[in-house]
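>>> please find the sequence and the predicted model below.
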Amino acid sequence: MAVHKLILEDVFNEVSYTLIGIHCTIEDYRVAYLLNKYLGINLVRSKEDLDFKNSKSNYAFFEWEDKKHLTTWSLVSNICKREEARDIDLKSLFKTKEQITKTFNLIPEYRQVNYFLKIDNEYNYTKEKYILNRILNIPQIVTAYTVDASQLKSKDNLIFY
């Protein structure tokens, strides 16, 4: 009896979305508002943020599903800052605690990127250059560029649901 073997590695490793890195210093809700205004989309904050590493880091998450063009737009924060209290041993009579701010990144390869805009399309058709130019026209955004998602080591963090 012949043995048939299916190799599906290429199917699952294929990247079928556009990823844009955005640098800016404004709050997440403001970025979503400006993207909605300049791109004509309707990003809405999800009820729950992205939770990674058992609640060690939470990332703001906005999403919009365009049913007309079968496209899902996702805006996710890349930076999570969390304050933790740590005991300091000063060999004194009283215990002292110090507040430490830890920074976590959703995509550690791009630590300087503040937000990622993921455009997931059924047919892998997006007007990438048009979208990028519209984003660069927003005065509050310092810069934006396309990120090659196939080269990312932590691309599994971009699978949202």
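The structure has been received and is ready for your questions. Numbering: from 1, shown residues only.
>>> residues in contact with stretch 98-116?
19-25, 28, 31, 50, 52-53, 56-57, 59, 75-88, 147, 152-154, 157-158 (Cβ atoms under 8 Å, 6 or more residues apart in numbering). Just so you know, the C-beta spots here come from the backbone N, C-alpha and C atoms, and that holds for glycine as well.
>>> burial count for Lys68?
Lys68: 5 surrounding residues under other Cβ atoms under 10 Å.
>>> tell me the secondary structure at it.
coil (DSSP: H, G, I helix; E, B strand; the rest coil).
>>> next one: it from Leu106, what distance?
29 Å (Cβ to Cβ, to the nearest Å).
>>> can you map out the strands along the protein?
Secondary structure of the chain by DSSP state E: the strands cover 17-24, 44-45, 50-52, 57-59, 61-66, 71-77, 79-88, 96-105, 115-121, 141-147.
>>> shaky segments in this structure?
1, 4, 6-15, 53-55, 90-93, 123-126, 161 (pLDDT under 70).
>>> quick check: phi and psi at the residue nearest to Leu34 when sequence neighbours are not counted.
Excluding its sequence neighbours, the residue lying closest to Leu34 (Cβ to Cβ, 6 or more residues apart in numbering) is Ile138, at 5.1 Å. Phi and psi for Ile138, reported as degrees, to the nearest 10, are phi -80, psi 120.
>>> and for the one 10 residues further on?
The phi/psi pair for Asp148 (degrees, to the nearest 10) reads phi -80, psi 100.
>>> ok, the nearest residue to it once chain neighbours are set aside - contacts?
Once flanking residues are discounted, Asp148 sits nearest to Leu19: 7.9 Å by Cβ to Cβ, 6+ apart. Contacts of Leu19 were listed using Cβ under 8 Å, 6+ apart, and they are 116-119, 146-149, 158.
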